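A.B. asks: Next input, structure requested:
(chains A and B)
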Amino acid sequence: MDKQRTHIILIEPSYIVFEGLSQILLKSNNHFSICHHTDLKHIDSLIKKENNNVVILNPSMLQNRNNDYIKLKNNHPSISWVALVYSYFDQEILRKFDSQINITEPPKDIISKILKIAGPQKTITTNRPVALTERETDILLHLIDGLSNKEIANTLSISIHTVISHRKNITEKTGIKSLPGLTIYAITKKIIQLDA
Amino acid sequence: MQHIRKTYISPATEVAELINENYHLLLFLEHLNIDFLVYDKTVQQVCEENNIDLNVFIVLGNLYNGFFPNKEELDSLKDIELIILFLRNSHLYYRNEVYPKILKYISILRAHNTSKDIALVERFFKDYFNEVVEHMGYEDEIVFPYFSQLLRGDTQNSNFSVKGYREHHSDIEVKLSDLKNLLLKHIVIKNERTTRRKFLHTLFELEFDLGIHSSIEEKILLPLIENIEKEQVHG
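C.D. replies: So this is what the prediction gives:
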């Protein structure tokens, strides 16, 4: 999996519309995850913080709920809001959305609008360097010897922040965080030798 | 291309439909002592028949579908003993089923490998497992009984400390993730691929269930208990 999903939340009273739209989205071979609710008030629990979130909303759901909507928009500035339009709405209401989908639009136009508004699907880089630098290896050895961050900083005459940042890089490169795990890593890479 | 669609569980949803969509919910049902033969019953019907609190079912089930409850839903949780039962049952699953299975895979790998690295993995896992068993024992024998005592309105002293309890979990998840990455990235074993696949598969399943388990304890159960403690102090 090289891309993160775009998480689509559809707030729409009609199950028919939901089923139809989710078929169109899933068949498009994009990394979408989709969830559905019939009420705006559950939106907080539907949002996935680690993904790009797009909310597709039937503007009729905003009747008498304008203030709730403005509040939601302010609380979640990173979310894109798309109006799903299948009857006449005042331009005043539609202006509150980042984009619009019309019920009669062809699937490929709907997909391209959503992709455009969601922004690029984040790509996780897979070809970052994996070997530890000399400095990181030094720090790893001290960690395995049981030294604390502060003791390592003193021994190597560097700041404790530098030690912490090296440790972060070690974990990122190796995928290992715990001390026993790092010890096994060091043995398998022959950074340290087992006695006997 | 993987297609993901998870339903937000509500009282009228059919349970069989939910399981077809996300089979991890089988484990969820087992933790609640609910049988898998659900016919075409809805969530509400299954709850009524099994004497299970509907709100607890919906909130915990939705965690398996990736939805964290909002404040309103959290406040709807009244049957705290049921949440404790769920957690106790998942302990049994970890202790009696998952960990023995992993130990079996490791011993197969050891028997067919001369590499010393696999012995290190075994030791790493056994140390880790002992920690987990100790932690679960602490919860089963001290934490949960204290909660139950509190729920009965009994405020006598106990050995329990919320702070110490909170710190323990992250460590358990870190080591599990380390084990996965050691097998995927660092430990060189070239034979027994099927065993390694089963081993990894089990680790991923365990990680999924443990993640939900910890978030129930830390983000749902503890805040509920802290509220009760406060209420009782203020009378």
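
A.B. asks: what's next to the helix or strand bottoming out on mean pLDDT in chain A, contact-wise?
C.D. replies: Here the helix or strand of chain A ranked lowest by mean pLDDT, DSSP states H and E is helix A:43-46, holding a mean of 79. Residues from elsewhere that reach helix A:43-46 (Cβ atoms under 8 Å, 6 or more residues apart in numbering or on different chains): A:9, A:11, A:35, A:37, A:55, A:72, B:8, B:62, B:67-70, B:73. Any C-beta I mention is one placed from the backbone N, CA and C, and that applies to glycine too.

A.B. asks: Name the residues of that helix that are buried.
C.D. replies: If you call a residue buried by 16 or more other Cβ atoms under 10 Å in any protein chain shown, then helix A:43-46 has these buried ones: A:43, A:44, A:45, A:46.

A.B. asks: I'd like the contacts of helix A:43-46 as CSV, with neighbour count, pLDDT and distance to residue B:221 appended.
C.D. replies: Shown next, in CSV, are these (neighbours: other Cβ atoms under 10 Å in any protein chain shown; pLDDT from 0 to 100; distance: Cβ to Cβ, whole Å):
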residue, neighbour count, pLDDT, distance to residue B:221
A:9, 22, 90, 27
A:11, 22, 89, 30
A:35, 24, 86, 25
A:37, 20, 85, 26
A:55, 23, 92, 31
A:72, 19, 84, 28
B:8, 19, 89, 22
B:62, 20, 93, 16
B:67, 24, 86, 18
B:68, 18, 87, 14
B:69, 21, 88, 12
B:70, 16, 86, 17
B:73, 18, 90, 14
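
A.B. asks: could I get these as JSON lines with distance to residue A:26 and secondary structure?
C.D. replies: Below are the contacts of helix A:43-46 laid out as JSON lines (distance: Cβ to Cβ, whole Å; DSSP: H, G, I helix; E, B strand; the rest coil):
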{"residue": "A:9", "distance to residue A:26": "15", "secondary structure": "strand"}
{"residue": "A:11", "distance to residue A:26": "18", "secondary structure": "strand"}
{"residue": "A:35", "distance to residue A:26": "12", "secondary structure": "strand"}
{"residue": "A:37", "distance to residue A:26": "18", "secondary structure": "strand"}
{"residue": "A:55", "distance to residue A:26": "18", "secondary structure": "strand"}
{"residue": "A:72", "distance to residue A:26": "26", "secondary structure": "helix"}
{"residue": "B:8", "distance to residue A:26": "17", "secondary structure": "coil"}
{"residue": "B:62", "distance to residue A:26": "21", "secondary structure": "helix"}
{"residue": "B:67", "distance to residue A:26": "19", "secondary structure": "coil"}
{"residue": "B:68", "distance to residue A:26": "24", "secondary structure": "coil"}
{"residue": "B:69", "distance to residue A:26": "26", "secondary structure": "coil"}
{"residue": "B:70", "distance to residue A:26": "26", "secondary structure": "coil"}
{"residue": "B:73", "distance to residue A:26": "27", "secondary structure": "helix"}
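
A.B. asks: Pick the one among those closest to residue B:226.
C.D. replies: residue B:69 (16.5 Å; Cβ to Cβ).

A.B. asks: Return the residues in contact with the nearest residue to residue B:9 once chain neighbours are set aside.
C.D. replies: Spatial nearest neighbour of residue B:9, chain neighbours left out: residue B:61 (4.7 Å); criterion: Cβ to Cβ, 6 or more residues apart in numbering or on different chains. With contact set as Cβ under 8 Å, 6+ apart, residue B:61 has these partners: B:9, B:18, B:25, B:28, B:43.

A.B. asks: rerun that using 10 Å as the cut-off
C.D. replies: Neighbour list for residue B:61: B:7-10, B:13, B:15, B:18, B:22, B:25, B:28-29, B:32, B:43, B:67 [criterion: Cβ atoms under 10 Å, 6 or more residues apart in numbering or on different chains].

A.B. asks: of these, buried ones?
C.D. replies: So, by 16+ other Cβ under 10 Å, the buried ones in those are B:7-10, B:13, B:15, B:18, B:22, B:25, B:28-29, B:32, B:43, B:67.

A.B. asks: Tell me which of the contacts of residue B:61 fall in helices.
C.D. replies: Cross-referencing those against helices under DSSP state H gives B:15, B:18, B:25, B:28, B:29, B:43.

A.B. asks: Where does the nearest residue to the first one once chain neighbours are set aside sit: helix, strand or coil?
C.D. replies: Residue nearest to residue B:15 in three dimensions, not counting chain neighbours: residue B:38, with 4.2 Å by Cβ to Cβ, 6+ apart. With DSSP: H, G, I helix; E, B strand; the rest coil as the basis, the three-state label of residue B:38 is coil.

A.B. asks: Next: residue A:64.
C.D. replies: coil.

A.B. asks: Give me the neighbour count for it.
C.D. replies: 6 (other Cβ atoms under 10 Å in any protein chain shown).

A.B. asks: same question, residue A:77
C.D. replies: Residue A:77 has 6 neighbours, counted by other Cβ under 10 Å.

A.B. asks: That one should be in a strand, yeah?
C.D. replies: No - Residue A:77 is assigned coil when assessed by three-state DSSP, not a strand.

A.B. asks: any idea how far it is from residue A:117?
C.D. replies: Remark: distance between residue A:77 and residue A:117 (Cβ to Cβ, to the nearest Å) = 14 Å.

A.B. asks: With respect to chain A, which of the ones in helices among the contacts of residue B:61 is nearest?
C.D. replies: Comparing the ones in helices among the contacts of residue B:61 against chain A with Cβ to the nearest Cβ places residue B:18 closest, at 13.4 Å.

A.B. asks: Spit out the contact partners of that closest one.
C.D. replies: B:6, B:7, B:9, B:25, B:28, B:29, B:38, B:42, B:43, B:61, B:64, B:65.

A.B. asks: got a markdown table for these, with distance to residue B:144 and pLDDT too?
C.D. replies: Putting the contacts of residue B:18 into a markdown table (distance: Cβ to Cβ, whole Å; pLDDT from 0 to 100) gives the following:
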| residue | distance to residue B:144 | pLDDT |
| --- | --- | --- |
| B:6 | 30 | 78 |
| B:7 | 31 | 84 |
| B:9 | 26 | 93 |
| B:25 | 24 | 95 |
| B:28 | 19 | 97 |
| B:29 | 21 | 97 |
| B:38 | 28 | 96 |
| B:42 | 31 | 97 |
| B:43 | 26 | 97 |
| B:61 | 21 | 96 |
| B:64 | 22 | 93 |
| B:65 | 26 | 90 |
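
A.B. asks: so which of those comes closest to residue A:5?
C.D. replies: Closest to residue A:5, out of all of the contacts of residue B:18 and judged by Cβ to Cβ, is residue B:6, at 11.9 Å.

A.B. asks: With that, I have no additional questions.
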